[in-house]
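Undergrad: With the input below, show me the fold.
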Amino acid sequence: MQHDNGESRQEAPRRSALPQRGPDAEFYSLYPDAPLPRPAREVLPNALPLVAVQRCPPITTASSIGWVLTPAVSFAVRWQGDALDMAYIDDESSEIGPWSPIIGDGPRHPRVHEVLEIKDAARRAAAEQIDLDQMPLIDPSPFGDPREFQYLSGIVGVTAPGWAMLVRSVPNWPRVGGEYEIVEGVVETAWSGTVLPVMVRLRSEGSVARFTRNSPMAVIHPVAVAGYAKENAPVRTSGAGIDAWSDEAWDRFVLARSNRTTTRASYRALQADHYREGPPSEQRD
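TA: Predicted structure coming up:
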């Protein structure tokens, strides 16, 4: 880019010039009546305070990455001692049905769905061969902890090579109570056909944790395999104390601090200016 004074500088990168190949995600559900994952940007920012949506891109961006996963059916789980029970929830009345054990004595809860009506004969035969009708809605923890269980979503994710899916807790989502937490995990969906599991850890013995079809249970977050590959784990450089900083890192910090304390330029305005998506903004914090 040439200036009137003859000096030139490198133009800041536009978003359109950044790498374009995303995860190219696809989702397939075993259950025709179950909700499919929805883009998080269509769901989660609606729960944020208006001022955060208008003025804080870091928060809204964090609430816009990936896809929201809601349960195939509404259900409740409770942990008592060495026992773990579940029950279905009626979506109209919100009433909890009879409890059945996931761990413990007694008959197991019926599966969430029988073998579905599959028109293709070859697929129907394969479904019978792998006992698809025996796949549970909930599995006990593979580690034997009665406080934990796996919700088997019935959703299979597919991504482009080099991408995986992180099943994680819902960011910035207000959740009343605190009966459970999501144990996050990564599935390499570029090659694995496994049903995406949601690992849940119950926090309070005797409390009832509810999961409903109209409320987010987890977020499916795309991650680049290169981002967690073992060979990329070492930090290229770092510095403790200002004298150890690189010139680039220090100059960026000084500019950012100056923007905040002197010019009061907002992050949103600076972001737009950096990517050259519009004229310099006069927006202020």
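Undergrad: all contacts plus neighbour counts: C-alpha atoms, from now on.
TA: OK.
Undergrad: Could you list the low-pLDDT ranges of the stretch 51-200 of the chain?
TA: Scanning the stretch 51-200 of the chain for pLDDT under 70 picks out the ranges 51-56, 104-116, 175-177.
Undergrad: Show the residue spans covered by the strands in it.
TA: Assigned by DSSP state E, counting those that start in this stretch, the strands in the stretch 51-200 of the chain fall at 67-69, 75-80, 83-88, 100-103, 138-140, 148-152, 155-158, 163-168, 180-183, 185-187, 197-202.
Undergrad: Determine the number of other residues adjacent to the residue lying closest to residue 163 once chain neighbours are set aside.
TA: In this structure, residue 163 finds its nearest non-sequential neighbour in residue 224, 4.6 Å apart by Cα to Cα, 6 or more residues apart in numbering. Residue 224 is flanked by 17 other residues according to other Cα atoms under 10 Å.
Undergrad: do residue 165 as well
TA: 25.
Undergrad: How much space separates it from residue 131?
TA: 26 Å (Cα to Cα, to the nearest Å).
Undergrad: swap in residue 150?
TA: Computed with Cα to Cα, the distance linking residue 150 and residue 131 is 19 Å.
Undergrad: before we move on, what about residue 191?
TA: 22 Å.
Undergrad: hang on, the earlier thing: between residue 150 and residue 131, who's got more neighbours?
TA: Neighbour count, other Cα under 10 Å: between residue 150 and residue 131, residue 150 has more, with 20 against 11.
Undergrad: Just to check, the more buried one is in contact with residue 196?
TA: No - taking contacts as Cα atoms under 8 Å, residue 150 lies outside contact range of residue 196: 9.8 Å.
Undergrad: List just the one of the strands of the stretch 51-200 of the chain that sits closest to residue 34.
TA: Nearest to residue 34 among the strands of the stretch 51-200 of the chain is strand 155-158 (9.4 Å), distances taken as Cα to Cα.
Undergrad: Can I get the closest one as PDB, trimmed to CA atoms?
TA: Output in PDB follows, covering the C-alpha atoms of strand 155-158 (Å, rounded to 0.1, in the frame of the first residue of the first chain):
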ATOM      1  CA  ILE A 155     -25.700 -37.500  16.800                       C
ATOM      2  CA  VAL A 156     -22.700 -38.400  14.600                       C
ATOM      3  CA  GLY A 157     -20.500 -35.500  13.500                       C
ATOM      4  CA  VAL A 158     -18.400 -35.400  10.400                       C
END
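Undergrad: residues making contact with that strand?
TA: 25-30, 36, 165, 189-191, 193-196 (Cα atoms under 8 Å, 6 or more residues apart in numbering).
Undergrad: now with 6 Å?
TA: Here strand 155-158 makes contact (Cα atoms under 6 Å, 6 or more residues apart in numbering) with 25, 26, 27, 28, 29, 189, 190, 195, 196.
Undergrad: What does residue 232 show for phi and psi?
TA: With angles defined as degrees, to the nearest 10, residue 232 sits at phi -100, psi 0.
Undergrad: phi, psi of the closest residue to it other than its chain neighbours?
TA: Leaving aside its chain neighbours, residue 232 sits nearest to residue 226 (6.9 Å; criterion: Cα to Cα, 6+ apart). The phi/psi pair for residue 226 (degrees, to the nearest 10) reads phi -60, psi -20.
Undergrad: Dig out what the most centrally placed residue in the chain forms beta bridges with.
TA: Geometric centre of the chain, nearest residue: residue 219, 2.5 Å, by Cα atoms, centre = their mean. Beta-bridge partners for residue 219, by DSSP bridges, are residue 68, residue 168.
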